[in-house]
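Q: fold the following and give me the result.
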Amino acid sequence: MTDRETSLRLGFDETRTRVVLRTTETFQQDLVQLAARFRTGGQLGPASASVSLDELLADLGVLSTWRDPAGVEWADDLRDLVSGVVRDAQTVQERLAGRGTPGEVSTDDVPAILGDTWKGELSSFQRRDIAKLLSLQHGANFSVPGAGKTRVALAVYAAQKAAGRVSRLLVVCPKSAYESWRYETAECLVHPLRINVLDGSMDQWAEVLVVNYERLDRSLPMLASWLKAGPSMIVLDEAHRMKLGARGTYGAACMALGPLAARRLILTGTPAPNGSRDLENLLGFVWPGHGQRTVVQAVAGGDLAYASSVLRPLFTRTTKQELGLPPVQLGLRYVDMPPLHDEIYAALVGGVDGGSAREDLSSLGRTALRLLMAATSPALLLEGGSKYEPLAYQLPPLEIPEGSSLYSLMQDLPDYELSPKYKEAVAIIAENAARGRKTLVWTTFVRSLATLERMLEKYSPAVVYGGTPDREEQLRRFREDPACMVLISNPATLGEGISLHHVCHDAVYVDRDFMAGRFLQSLDRIHRLGLAPDTETRVTVLAVRNSIDEVVAASLERKLEFMGRILDDPTVQQLADLEEEPAVAAGLAPSDVEALLSHIGGR
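A: Coordinates of the predicted model:
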């Protein structure tokens, strides 16, 4: 077809999240009318307009109104993306109708499809997941941590490579997952794949390119060129990192790269940490237009059992029940604030202007963080000699002097009262150590980490946080040194990508924030595939009565209940019975705002 015969040409804009429509002088008025049919449509000039990719794909029928259908021309990469999304949508509809689909892969077919170079062992549920993912052009694996999602993804790539459909793999993942991808690419194939972690120089001969979410934005041009150099597959590992979709830095970068890949696959055990909007954005990456619209329609009526049945064909999930793990013993242990602690906390809550906080979500997030600190110890709010300086507790405590100002008492609080959370945590760790059991301690704040490190000195604690220079050595010591009975960390640093279940079966949460996904991920550091059937795994969450801890507990219960029901996974729902990419402070979601404001106003 020549340019003179083309009346409408469709192609991506530079972000690949919008489609540019170009026409000739003869059809300019037709283009204005066509663009007006889309909510996101807008003119770029007399002969060009644009519309969001999601909306165009959600309503392709609008293009049938073009008065010269024979003159419509698609850019190759856009046409391939559209055909893949439409084909998967048809497959899903066939599955929902209970009919088989041409080309559907069975579990028994998987070993042969993987080719002669595959040698990695696969469990029955991994073969099932691979078969389901290969039956669609694109896919989502929402299996729990420890189910082997990395190996499943690599098997999908191996099968597609054997079929001649792809020749290179881009993996986007947290730094903590690098080790897993290096191991699996060497372990599962007769000839290990050449892997390059993008941390500076580029290996032009690499077949697998691994990059972390933080580098995505500034590496976009290079990554786009690499994907276009050959038929590619892209995997987003721990994909909840881009749950904000195009509204977030990570998500916008992923959405720009996605259309360049012949095959898209996302991996995460926590696909909806704050509700359905997260799931919309994740499935919107896999199936632009169709994925997002399907989630919206599924949950619109509020029947989560129905929503789960509609969404189920879009993803695969191996649950903890299928892994055959022994159950985890979960306990929420409330403690009371001593009198001075309670007085200071009440004064802090009373000083918050709920009206202005409502108008500024980031301000409310900072307030939430301050109250989380104060619930543990108000002294954490005061600036120390450095951000790593531990609180210096006086043991035994001194008598509180009469007539002291609240501020001065706050400064000297460690002299007069011991934080009830620290006191309880130390007692639990001492009891575990006496029984020869190591303990993983979670706390959000660095000064809290440093304080616990000092208080637990007799147990030779290992400590890992964002600024730890010898992270691997600290983990090695916890795993191998019998004198090291405690590992202290925060979920933001160690919540993903590592396994501690062979040496540790006890965890204590000194505090939690509003991030349900981060809480679930951190739980799985000690409760994952490979545990002996008789292993006793115990998790204790500490919370202060009449504090923000109660608001957090209710918020996490609600989020875990939603996630468990939408994924049809009762194990997640049971966790609710326990009574990302940079987000708003403390992981505060809009649904948490009213609860927090109610706490501020009602104390």
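Q: tell me, how many residues neighbour residue 450?
A: 20 (other C-beta atoms under 10 Å). (Glycine included, C-beta is placed from N, CA and C.)
Q: okay, residue 82 and residue 10: tell me how far apart.
A: Distance of residue 82 to residue 10, computed by C-beta to C-beta, to the nearest Å: 9 Å.
Q: got any residues that touch both of the two?
A: Common contacts of residue 82 and residue 10, defined by C-beta atoms under 8 Å, 6 or more residues apart in numbering, comprise residue 74.
Q: that's a strand at residue 487, yeah?
A: Yes - assessed by DSSP: H, G, I helix; E, B strand; the rest coil, residue 487 belongs to a strand.
Q: shouldn't residue 185 be in contact with residue 191?
A: No - Residue 185 is not in contact with residue 191 according to C-beta atoms under 8 Å; the separation is 10.4 Å.
Q: and those two? Which one has more around it.
A: Remark: of residue 185 and residue 191, residue 185 carries more neighbours, 21 against 8, as counted by other C-beta under 10 Å.
Q: got a list of what the more buried one touches?
A: 154, 192, 193, 195, 208.
Q: in helices, which of the residues you listed fall?
A: residue 154 (DSSP state H).
Q: so which of the contacts of residue 185 is the most crowded?
A: Compared across those, residue 154 has the highest neighbour count, 26 neighbours, by other C-beta under 10 Å.
Q: how close does it get to residue 147?
A: 14 Å.
Q: same deal with residue 95?
A: 22 Å.
Q: how about residue 367?
A: Distance from residue 367 to residue 147, by C-beta to C-beta: 38 Å.
Q: before we move on, what about residue 316?
A: In terms of C-beta to C-beta, residue 316 sits 10 Å off from residue 147.
Q: more neighbours: which of the two?
A: Comparing residue 316 with residue 147 by neighbour count (other C-beta under 10 Å), the higher total belongs to residue 147, at 27 against 24.
Q: which non-adjacent residue is nearest the more buried one?
A: Leaving aside its chain neighbours, residue 147 sits nearest to residue 318 (4.1 Å; criterion: C-beta to C-beta, 6 or more residues apart in numbering).
Q: for residue 295, same thing?
A: Closest to residue 295 by C-beta to C-beta, 6+ apart is residue 280, at 4.5 Å.
Q: ok, how many other residues are close to the one you found?
A: 20.
Q: any weak-confidence spans in the protein?
A: In the predicted model of the chain, residues 1-4, 98-102, 353-362, 383-388, 392-414, 574-591, 593-594, 596, 600-603 satisfy pLDDT under 70.
Q: 50 instead, please
A: The chain contains residues with pLDDT under 50 at 1-2, 394-395, 397-398, 400-401, 579-586.
Q: remind me, longest helix of it?
A: Secondary structure assigned by DSSP H gives helix 76-96 as the longest helix of the chain.
Q: in that helix, what counts as buried?
A: For helix 76-96, burial by neighbour count (16 or more other C-beta atoms under 10 Å) applies to 77-78, 80-82, 84-86, 88-89, 91-92, 95.
Q: thinking again about what came up before, roughly how far apart are the residue nearest to residue 295 and residue 312?
A: Here the criterion is C-beta to C-beta. By it, residue 280 lies 16 Å from residue 312.
Q: just residue 72 next, same as before
A: Distance from residue 72 to residue 312, by C-beta to C-beta: 35 Å.
Q: can you check residue 504 too?
A: Taken as C-beta to C-beta, the span from residue 504 to residue 312 is 34 Å.
Q: same check on residue 329?
A: In terms of C-beta to C-beta, residue 329 sits 30 Å off from residue 312.
Q: just want to know which of these two has more residues nearby.
A: residue 312 (17 against 12).
Q: residues in contact with the more buried one?
A: residue 568.
Q: for the one 3 residues further on, same thing?
A: Taking C-beta under 8 Å, 6+ apart as the definition of contact, the neighbours of residue 315 are 139, 140, 141, 142, 271, 283.
Q: would the second one count as being in a strand?
A: The reference is to residue 140. Yes - assigned with three-state DSSP, residue 140 falls within a strand.
Q: can you tell me the SS state at the residue nearest the centre of the chain?
A: Against the mean C-alpha coordinate of the chain, by C-alpha atoms, centre = their mean, the closest residue is residue 240 at 2.6 Å. Following three-state DSSP, residue 240 is assigned to helix.
Q: who touches it in this structure?
A: Contacts of residue 240 by C-beta under 8 Å, 6+ apart are 268, 270, 271, 273, 278, 282, 517, 580.
Q: from the residues you listed, which two are the most distant?
A: Largest separation among the contacts of residue 240 by C-beta to C-beta: 271 and 580, giving 12.5 Å.
Q: show me the domain layout of the protein.
A: Using automatic domain parsing, the domain parsing of the chain gives 3-74, 82-318, 328-579+585-602.
Q: leaving out the residues flanking it, which one is nearest to residue 503?
A: residue 479 (5.0 Å).
Q: quick one, what contacts the one you found?
A: Residues near residue 479 by C-beta under 8 Å, 6+ apart: 500, 502, 503.
Q: now do the buried residues in stretch 253-264.
A: 253, 254, 255, 256, 257, 258, 259, 260, 261, 262, 263, 264.
Q: for these, which one is nearest residue 120?
A: Proximity of the buried residues of stretch 253-264 to residue 120 was ranked by C-beta to C-beta; the top entry is residue 263 with 19.3 Å.
Q: residues contacting that closest one?
A: Contacts of residue 263 by C-beta under 8 Å, 6+ apart are 137, 138, 156, 160, 165, 166, 232, 233, 234.
Q: one more time with 6 Å
A: 160, 166, 233 (C-beta atoms under 6 Å, 6 or more residues apart in numbering).
Q: ok, which stretches of the stretch 501-603 of the chain are helices?
A: 516-523, 548-566, 570-575, 590-602 (DSSP state H, counting those that start in this stretch).
Q: should've said the stretch 51-200 of the chain
A: Secondary structure of the stretch 51-200 of the chain (DSSP H, counting those that start in this stretch): helices at 53-58, 76-96, 110-113, 124-134, 149-162, 178-187.
Q: redo those helices as CSV? Include distance to residue 307.
A: Output for the helices of the stretch 51-200 of the chain, formatted as CSV (distance: least, C-beta to C-beta, whole Å):
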stretch, distance to residue 307
helix 53-58, 18
helix 76-96, 13
helix 110-113, 29
helix 124-134, 19
helix 149-162, 23
helix 178-187, 31
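Q: and of these, who's closest to residue 294?
A: helix 76-96 (7.9 Å).
Q: so where do the strands sit in the stretch 351-500 of the chain?
A: 438-442, 462-464, 486-489 (DSSP state E, counting those that start in this stretch).
Q: so what's residue 499 closest to, chain neighbours aside?
A: residue 528 (6.2 Å).
Q: show me what contacts that neighbour?
A: 145, 146, 501.
Q: helices - which of the buried residues of stretch 253-264 land there?
A: Judged by DSSP H, those include 253, 254, 255, 256, 257 as members of helices.
Q: I'd like these as CSV, with distance to residue 571 appended.
A: CSV is the format used below for those (distance: C-beta to C-beta, whole Å):
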residue, distance to residue 571
253, 33
254, 28
255, 31
256, 35
257, 33
